[in-house]
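**Student:** here is the input, now give the coordinates:
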Amino acid sequence: MKNLVTMTVVLAVACSVALAVPVYNVLHQSDGTAVDGPPVDGYMNYLIDNSGNGNHLYSQNTIGVPNDIGGMTRLSTDGPAGVGDAYTRTRNGGTTGTNALVDLQTPEFCWEMDLRFEPNAMNAGQGGIGAGTHIIGTKYNEHGEGVSMNANADGSLSAHLSAYIIGTTITTAPGLVTDDVWVNVCLSFEGVTDGGLFERPSWAPPDWVSDQRQIWAGTLKIYVNGVEEASGAGGLILNDDGYGPFLGAWGPTPLGFTPNLGFDNVRISGIPEPATMSLIALGGLALLRRRRK
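**Tutor:** Here you go, the predicted model:
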């Protein structure tokens, strides 16, 4: 059992470590190709999933309801592979999140993407790297659930787990991301084990997570261009509204939205809960025993 008030903050700034980005079951993989059409032309309807799972990432004002108004722009000017490479970009003052219509959260995961901050891309004085610029996340409406990653004004990246009262924050060295330059980034949560159940104190504010929610213990990591740049141990409580992750935000709008942020080659991967994996393993052993008889 885990008590909210007994945990302390973990702040990690790691040196570069040449470790491979983990690869789990791919739930969504896209190459920047998007569908744009009615009801409003010029706004992305959805980012096409090429993994075969059908988990397209839709523009949504209300979670679970596709709505392209205020969504990403579909472009092919100068993606990571050069002229003609398709990618998508968040809009100035957009109010539309980008996520699948099904829950892609898993306790152990790797979210990888190419991204580029494009200041003033639409001539409105918005965009560019700044303090707390959100990249991806699964936080929702309760304090203590979800995970997020953002860029900081000095070009470093930070990620935050908030399963406890203070939570876990990891931050890379500065200068790893700059405006107008494509970079490959990955947020992962690795080596996941059962972290017990959340014990909600009686004095907790109404917006804290409810009692007895599952905590997953593991190591939060940030990779940049395939190199591990920061890591730290912590706990994760999945948001119980069943949606995420969200591109360009720490959670669904209007909780946070980053203007003029380009995305390409998004890959969302993860593995089932350890208990589910154990059941699969037990089922396989039982099948082998039957075959041997």
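**Student:** which regions of the stretch 1-150 of the chain lie under the pLDDT threshold?
**Tutor:** 1-19, 93-95, 131-132 (pLDDT under 70).
**Student:** tell me which stretches of it form strands.
**Tutor:** Applying DSSP state E, counting those that start in this stretch to the stretch 1-150 of the chain gives strands spanning 2-3, 10-12, 25-29, 34-36, 44-47, 57-62, 65-66, 73-75, 87-89, 97-99, 108-117, 133-137, 147-151.
**Student:** so which of the ones you listed comes closest to Gly195?
**Tutor:** strand 2-3 (6.3 Å; Cβ to Cβ). Quick note: C-beta positions are derived from backbone N, CA and C, even for glycine.
**Student:** and the strands of the stretch 1-150 of the chain: which comes nearest Ala204?
**Tutor:** strand 2-3 (11.1 Å).
**Student:** just so I know, which of the strands of the stretch 1-150 of the chain lies nearest Val192?
**Tutor:** Comparing the strands of the stretch 1-150 of the chain by Cβ to Cβ, strand 108-117 comes nearest, at 4.0 Å.
**Student:** so how far is the closest one off the chain centroid?
**Tutor:** A distance of 7 Å separates the centroid of the chain from that of strand 108-117, by Cα atoms, centre = their mean, to the nearest Å.
**Student:** look up the pLDDT of Leu279 for me, please.
**Tutor:** Looking at Leu279, its pLDDT is 38.
**Student:** before we move on, the earlier item: need the strands of the stretch 1-150 of the chain in TSV (columns: mean neighbour count and distance to Tyr243).
**Tutor:** Shown next, in TSV, are the strands of the stretch 1-150 of the chain (neighbours: other Cβ atoms under 10 Å; distance: least, Cβ to Cβ, whole Å):
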stretch	mean neighbour count	distance to Tyr243
strand 2-3	15	24
strand 10-12	16	27
strand 25-29	18	13
strand 34-36	19	19
strand 44-47	25	15
strand 57-62	21	9
strand 65-66	12	11
strand 73-75	19	23
strand 87-89	27	19
strand 97-99	29	6
strand 108-117	23	14
strand 133-137	25	11
strand 147-151	25	14
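**Student:** could I get those strands as TSV with distance to Thr168?
**Tutor:** Shown next, in TSV, are the strands of the stretch 1-150 of the chain (distance: least, Cβ to Cβ, whole Å):
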stretch	distance to Thr168
strand 2-3	13
strand 10-12	5
strand 25-29	24
strand 34-36	34
strand 44-47	29
strand 57-62	27
strand 65-66	33
strand 73-75	34
strand 87-89	30
strand 97-99	23
strand 108-117	15
strand 133-137	14
strand 147-151	9
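**Student:** so Ala151 sits against Gly128, correct?
**Tutor:** No: using Cβ atoms under 8 Å, Ala151 makes no contact with Gly128, being 9.6 Å away.
**Student:** okay, helices next: where are they in the chain?
**Tutor:** In the chain, the helices defined using DSSP state H lie at 274-292.
**Student:** thinking again about what came up before, among the strands of the stretch 1-150 of the chain, which is nearest Gly235?
**Tutor:** The nearest among those, by Cβ to Cβ, is strand 2-3 at 7.0 Å.
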